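A.B. asks: Dropping a prediction and its sequence here:
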Amino acid sequence: MAAQFTSQSTEAAELASALFREWLAELPEGVLRSHVAELALSFRELDEQQLRLLVYHAEPGPLCLYGARMNGDHVEIVGPYVKKEFRRHGLGKASLTDAMRLCWSMPEVYLLALGNEPWRTDKLEREGFFACDSILPGGAGEHQTFLVSVERRAQDYLRLVREPRGRGSWAVVLHNDDDTTFEIVVAALMYALDVNDRIAFEYANLVHHCGQAVIRFCRTEWTAKRVARTIRNIAHGAGFPLYVDVERTGNGLV
C-alpha cells in the first residue's frame, strides 16, 4: 500500500476523484455534502498552500482519502474517508494522525463528521478533539464539528507516553525557530532520543507553539550536552539553525 499526494500525479488525482464519488454517495443532502462536493470539484486547482490531499491505495484500488485544507483563518482536516469494505481495520485512525501532520503547524484544527453518534465523540475525544460550533455557513445541520488544540494534544500525548524520559537535574531544552523544518526536527529527535516518529512529531508541535520544551532529563551535564550536540549536528548538517541547550533544573532527581 502507498500514499500519494494528488498534486503529484494524474493517477493519484483520478483515484481521489473515485473516492470522492463514493463519499458523496454516502452523504445525505445538506451543508456537509455541499462542502465535500465543492472540494471534489475544485481540489485539482488548489495549490499546496491551500490543500494537501493524499490518496491511500493498493492493488485493489483506492482505499482511503485524507488531507488538510486551509480555509481563510483556520485549517480543516479533509475526511478521512475510508471505503466501506476497509473500515474497522485502523485506517481511519492512522489517517487522522497522518492528516494532523499536514496542518501547516496551525494552533487549532477542525474536523467535520457526519451524524451525532456517541461512539465517534468518545473516540475523537481520546484523540484530543472536542465538539464545537459549526464552521460551515448554514449551521451544523446533519454533521458535527470538532476542534483540537495542537498544543494541548501534544502535551496530553507526551504525558501519556511518559515523556520526557530520563532522571536527573540536567534538562535538554529544544527551542523554536522560523527556519528549521518539521521534517528535520522529527528526524533529529528520533535519532538522538531514540523515540518513534509520533513522539518526535508531538515534541516538534509543542516547541513550535510554546517556544521551547524540555525533551530529556539527564543525570550529568556531560550526557545532556551529548544529546543536545547530536540534535544540533543533524540539523546543522542539513543547513538548519536548530537551537538546543542544556539547563540545570535544580530539582535533583525527577
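C.D. replies: Yep, it's here.

A.B. asks: tell me which element residue 185 is part of?
C.D. replies: If you go by DSSP states H and E, residue 185 is part of helix 182-193.

A.B. asks: Residue 8: neighbour count?
C.D. replies: 10 (other C-beta atoms under 10 Å). For glycine as for every other residue, the C-beta is placed from the backbone atoms N, C-alpha and C.

A.B. asks: 374 is where my numbering starts, stick with that
C.D. replies: Yep, numbering from 374; the last one is residue 381 now.

A.B. asks: Show me what the helix or strand bottoming out on mean pLDDT in the chain packs onto, helices and strands only.
C.D. replies: Least confident helix or strand, the chain: strand 375-378 with a mean of 80, by mean pLDDT, DSSP states H and E. Applying 3 or more C-beta pairs under 8 Å, 6 or more residues apart in numbering; DSSP states H and E, one finds that strand 375-378 makes contact with helix 383-399, strand 424-431.

A.B. asks: Might you calculate how far stretch 526-542 sits from the centre of the chain?
C.D. replies: 18 Å (C-alpha atoms, centre = their mean, to the nearest Å).

A.B. asks: Mind checking the pLDDT average for it?
C.D. replies: Averaging pLDDT along stretch 526-542 gives 93.

A.B. asks: Just name the most buried of the helices and strands packed on strand 375-378.
C.D. replies: When the helices and strands packed on strand 375-378 are scored by mean count of other C-beta atoms under 10 Å, the highest mean neighbour count falls to strand 424-431 (a mean of 22).

A.B. asks: List the pairing partners of that strand within its sheet, with orientation.
C.D. replies: According to DSSP bridges, strand 424-431 forms sheet pairs with strand 375-378 (antiparallel), strand 434-444 (antiparallel).

A.B. asks: downstream neighbour of whatever helix or strand residue 470 lives in in the secondary structure list?
C.D. replies: Assigned by DSSP H and E, residue 470 falls within helix 464-473. Per DSSP H and E, helix 464-473 leads on to strand 481-487 as the next helix or strand towards the C-terminus.

A.B. asks: And whatever helix or strand comes next after that following strand, what's buried?
C.D. replies: Heading C-terminal from strand 481-487, the first helix or strand you meet, by DSSP H and E, is helix 491-499. Buried residues in helix 491-499, counted by 16 or more other C-beta atoms under 10 Å: 493, 494, 497.

A.B. asks: same thing with stretch 452-466?
C.D. replies: For stretch 452-466, the buried set under the neighbour-count rule, 16+ other C-beta under 10 Å, comprises 452, 453, 454, 455, 456, 459, 464, 465.
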